[in-house]
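Novice: sequence first, then the predicted structure, then my questions.
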Amino acid sequence: MFDNAGVHPRFLASNFDPATGIASLTGGEALHLTRVLRLVVGDVVVVFDGRGHEFAARISGISGGTVNLVLENAIAPVAERSVPVTLAQAVLKGGSMDDVVRDATMMGVAGIVPLVTAHTVAWKATSAHGADRWRRVALASAKQCRRARIPEISDPVPFAVWRQNAGEGLTLFLVEPSVNGVAPQTMRSLTSTATPRSLTVVVGPEGGWSPAEVTGAVSDGLLAVTLGPLTLRAEAVPLAALAALTVIWD
């Protein structure tokens with residue numbers, strides 16, 4: 001056994017091919033195996049490709065910055081959500097966005113779209129550099145919770161631009177119950193809605209949505225939904241929404 005939980009350590013090997021029976025680790029994954037965990041030839045690990053495949057593997061060689069592996073047997077991955085969910089999340093300040101990405105990955109989202117909104121404070125994070133960081137957070141979270149899929153995280157996009165290309169499926173636009181000009185549905189009301197083929201949950205920033213964003217979202221067909229009268233921390237809203245939707249449709 002390799003850690004306190006009694007499970008083999010997991011590594012992302014995005015290039016492995018079950019047909020050949022071999023895989024390799026490079027970069028940060030190889031460094032973590034050799035320098036942090038100090039594993040050696042003959043040790044057993046688990047590798048996954050981030051797309052739903054997972055194998056037990058044995059270290060067959062370590063050379064320079066590459067770890068070579070022999071695949072031994074397939075492992076049934078943790079089940080994914082029956083309704084694919086994309087989280088469209090306004091970028092939050094400080095480490096709060098990291099928290100959202102970590103928790104949303106553990107809640108099984110298929111993708112995360114960072115949104116730039118009128119009240120987005122964390123302008124420094126709205127760059128491709130920020131997205132790279134969130135992808136690393138998602139990878140670490142997937143390894144911890146034993147998901148074999150890693151959610152796709154896009155570069156930040158302005159909310160108005162994203163709405164024009166939101167795609168098909170049911171889109172829930174989370175608002176406060178007191179928002180002007182809108183009578184949002186409750187989460188409970190969704191229990192009478194047919195199970196969608198796909199679902200997008202749109203969550204705003206610390207400062208909330210601007211009136212123009214609310215009007216534009218509703219006119220674009222987004223379904224306004226509220227979590228209720230309680231005031232939650234911004235980073236807690238997506239977790240609460242995803243948990244509620246798990247009860248309703250999963």
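Specialist: Ah, there it is.
Novice: now this protein, which segments are flagged as low pLDDT?
Specialist: 1-6, 122-128 (pLDDT under 70).
Novice: try 50
Specialist: 1-6 (pLDDT under 50).
Novice: what residues are up against residue 173?
Specialist: 202, 217, 218, 222, 223, 224, 225 (C-beta atoms under 8 Å, 6 or more residues apart in numbering). Where C-beta positions appear, they are placed from N, C-alpha and C, glycine not excepted.
Novice: that's a helix at it, yeah?
Specialist: No. According to DSSP: H, G, I helix; E, B strand; the rest coil, the state of residue 173 is strand, so it is not within a helix.
Novice: spatially nearest residue to it, not counting backbone neighbours?
Specialist: Excluding the flanking residues, the one nearest residue 173 by C-beta to C-beta, 6 or more residues apart in numbering is residue 222, at 3.8 Å.
Novice: now the buried members of the contacts of residue 173.
Specialist: 202, 217, 218, 222, 223, 224, 225 (16 or more other C-beta atoms under 10 Å).
Novice: can you pull out the strands in this protein?
Specialist: 10-12, 22-25, 44-48, 54-63, 66-74, 85-90, 111-116, 152-153, 157-158, 170-174, 185-186, 199-203, 223-226 (DSSP state E).
Novice: picking up where we left off before, tell me which of the contacts of residue 173 is nearest to residue 64?
Specialist: The shortest approach to residue 64 among those belongs to residue 202, at 45.5 Å (C-beta to C-beta).
Novice: my guess is residue 120 meets residue 114, correct?
Specialist: No. Using C-beta atoms under 8 Å as the test, residue 120 is too far from residue 114 to be in contact (9.3 Å).
Novice: which residues does the lengthiest helix in the chain contact?
Specialist: If you go by DSSP state H, the chain has its longest helix at helix 128-145. For helix 128-145, the surrounding residues in contact (C-beta under 8 Å, 6+ apart) are 10-12, 48, 50, 78, 91, 97-98, 101-103, 105-106, 112, 114, 124, 147-151, 153-156.
Novice: same question for stretch 23-41.
Specialist: With C-beta under 8 Å, 6+ apart, stretch 23-41 has contacts from 2, 9, 11-13, 15-17, 45, 47, 55, 57, 59-62, 65-69, 71.
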